[in-house]
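K.L.:
all I have is the shape, not the residue letters:
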């Protein structure tokens, strides 16, 4: 009955957005809208592609119009000074992926790290974890490294120039991690991958493309490989890792665990991660049929 009244405009529809650029790959609108529809919740989630110059105007818009929004590449760190308050963890990480609007006051949260942490726990990766290689040093990588802070013996962060990797390694040191930031190169990756337990791709390399962020001949049996990229689900990195005998974890698990947390923040709603993943798989399947 509520769904019919919502369609007739008799019930206010809560608006949620994801902001970033590009967004053609994102499964989030399909996942959240399936949750809203299945429970008769008067809400709608839409993608809005916004570049760096337009972010401030977007934030003013959502403060008037939306109940909340997600933040993705390239805005997870640049959105921080535009918000009214940060959750203690988001403040510590220095990056936000989820925002709640309460009476036009915007509260920032970081649930990326929860998505990574719970995915690693699901695959029993954290116990006895030694050295970890993280590729990428942007907003998502901050959540990744934070998730490892009390489990990894050492973390190596790689970025294209090395500057942002060193910055993130310095931040990780304040969280109590033994961390080092380096410039990415095939030589460095081969040397490091020979000794680490876990490789995490926190860069966008592989999104809607058939590229790998590391040389595929450096992958080896016994290595665990997590790719935060989820579209395609089986990225080139994960395909090569499977062929090399590695254990693999796809990025849809991470997306769904953080989505479950976002729904609690926005609506006080508990949704099983398996249900969210089924909606994500629907979206990825529909993309393959286009």
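P.N.:
Done, it's in. Treat the numbers as computed from the prediction; the structure is a model and nothing was measured. Numbering: from 1, shown residues only.

K.L.:
contacts only, for residue 84.
P.N.:
For residue 84, the contacting residues are 105-107, taking CB atoms under 8 Å, 6 or more residues apart in numbering as the criterion. Glycine gets a C-beta too; all of them are placed from N, C-alpha and C.

K.L.:
out of those, which sit inside strands?
P.N.:
When strands are assigned by DSSP state E, the members of these inside them are 105-107.

K.L.:
select only the buried ones of these in PyMOL?
P.N.:
Typed into PyMOL, the line below selects the buried ones among the ones in strands among the contacts of residue 84, using 16 or more other CB atoms under 10 Å:
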select buried, resi 106+107
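
K.L.:
tell me the one among the ones in strands among the contacts of residue 84 nearest to residue 262.
P.N.:
Nearest to residue 262 among those is residue 107, at 12.5 Å by CB to CB.

K.L.:
now flag whichever of the ones in strands among the contacts of residue 84 is closest to residue 161.
P.N.:
Comparing the ones in strands among the contacts of residue 84 against residue 161 with CB to CB places residue 106 closest, at 31.7 Å.

K.L.:
pretty sure the closest one is touching residue 63, no?
P.N.:
Yes - distance between residue 106 and residue 63: 5.8 Å, which falls inside the contact criterion (CB atoms under 8 Å).

K.L.:
which residues of the stretch 101-250 of the chain fall in helices?
P.N.:
When assigned using DSSP state H, counting those that start in this stretch, the helices of the stretch 101-250 of the chain occupy the ranges 112-122, 139-147, 163-174, 186-193, 236-243.

K.L.:
most neighbours per residue, which of the ones you listed?
P.N.:
Burial of the helices of the stretch 101-250 of the chain is given as mean neighbour count (mean count of other CB atoms under 10 Å); helix 139-147 ranks first at a mean of 27.

K.L.:
now it against helix 112-122, angle please.
P.N.:
Angular relation of helix 139-147 and helix 112-122 on a 0 to 180 degree scale: 50 degrees, by axes from the mean of the first three to the mean of the last three CA atoms, to 10 degrees.

K.L.:
and the gap between residue 211 and residue 20?
P.N.:
Distance of residue 211 to residue 20, computed by CB to CB, to the nearest Å: 19 Å.

K.L.:
again, but for residue 131
P.N.:
Look at residue 131 and residue 20: by CB to CB, they are 31 Å apart.

K.L.:
neighbour count: those two, which is higher?
P.N.:
Taking residue 131 and residue 20 together and counting by other CB atoms under 10 Å, residue 20 has the greater number of neighbours (22 against 15).

K.L.:
and the nearest residue to the more buried one once chain neighbours are set aside, how many residues sit next to it?
P.N.:
Residue nearest to residue 20 in three dimensions, not counting chain neighbours: residue 72, with 3.6 Å by CB to CB, 6 or more residues apart in numbering. Burial of residue 72 is recorded as 21 neighbouring residues (other CB under 10 Å).

K.L.:
with that, I have no additional questions.
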